[in-house]
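# the sequence and its predicted three-dimensional model are supplied below.
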Amino acid sequence: MSLGTLYGVGVGPGAPDLLTLRAVNVLRAAPVIAIPRRSEFDRSVAWDIAKEAVGEVPGQERLYLEFPMTKDPTLLRPAWDRAFGKIGERLESGRSVAFITEGDPFVYSTFIYLFVEAPARWPGVNIEVVPGLSSISAVASSILVPLADGKERIAVLPATYGVEDLKKVLAEFDTILLMKVSSVMPAVVQALEETGLIDRALYISKATTKEQKIVRDVRTIRNDRCDYFSMVVVSRKERNGLLAGKVQS
């Protein structure tokens, strides 16, 4: 049996024109595009980014897959098994499958779970990864804050890391990017206040898109339910974009 190739394709942080040429070429050539979404009633953010550049390809299958947003393994495991089973049916028929993901396939991506399981599920399968512009780089450009120069150190972590651990990270690194702040913004603001870094922080959501939002005073959103695609950037060093008024709320 000749298996198709499994591609992990990063489609970038949100703006369709940040899709790479390699990603477009792979997606146009793939017999099957695997499109993840939260449920059958939700749109796929990744496909919203890529669909205009890919266009209509005769004979190409658009395979929608559901990945619920939960940490409950009793819900996640069956969903993954169903999705991976559908991908396997295509691979085992000899068709290549391109699995799309926002940002980069190897940075906080659902594709990582597929990448880890694929060799056991389909021994000998060829896997190729097409890198995408990650939200980390996109956010820095959007807020005009350099992430590092010289010997500075960067920390990238989910904001749910824990407040006490977060304070330690804030003290030890020069630039900190806190991802997925939506559910823990009050705790983040508290940690920033306790470490004296509240005025060195910026909040940004949906970077590079038309809905992009930047907040320079994170105190004002202490109790808000923030967007899932959001990040807080903290820079201990004075940066033009952070303090010189070049970034507008």
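Right, received. Where do you want to start?
# hmm, who's touching whichever strand or helix holds Asn25?
Asn25 belongs to helix 21-29 when assigned by DSSP states H and E. With Cβ atoms under 8 Å, 6 or more residues apart in numbering as the test, helix 21-29 has contacts from 7, 9-12, 33, 50, 53-55, 57, 98, 100, 128, 130, 132. The way it works is simple: take the backbone N, C-alpha and C, and place the C-beta from them, glycine included.
# mind doing that once more with 7 Å?
Helix 21-29 has contacts (Cβ atoms under 7 Å, 6 or more residues apart in numbering) with Tyr7, Val9, Gly10, Val11, Ile33, Ala50, Ala53, Val54, Val57, Ala98, Val130, Gly132.
# then stretch 90-98 to CSV, C-alphas only?
Extracted C-alpha coordinates of stretch 90-98, given in CSV (Å, rounded to 0.1, in the frame of the first residue of the first chain):
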residue,chain,number,x,y,z
ARG,A,90,-7.4,9.5,2.6
LEU,A,91,-3.8,8.7,3.2
GLU,A,92,-4.4,4.9,2.9
SER,A,93,-6.1,5.5,-0.4
GLY,A,94,-2.9,7.1,-1.7
ARG,A,95,-4.1,10.7,-1.4
SER,A,96,-2.0,13.4,0.2
VAL,A,97,-3.6,15.4,3.0
ALA,A,98,-2.6,19.0,3.9
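# buried stuff in it?
Within stretch 90-98, the residues that qualify as buried are Arg90, Leu91, Ser96, Val97, Ala98, counting by 16 or more other Cβ atoms under 10 Å.
# could you tell me which of these belong to helices?
Mapping these onto helices (DSSP state H) picks out Arg90, Leu91.
# quick check, Glu52 in a strand?
No. Assigned with DSSP: H, G, I helix; E, B strand; the rest coil, Glu52 falls outside any strand and is helix.
# now it. Nearest residue, chain neighbours left out?
Pro16 (5.4 Å; Cβ to Cβ, 6 or more residues apart in numbering).
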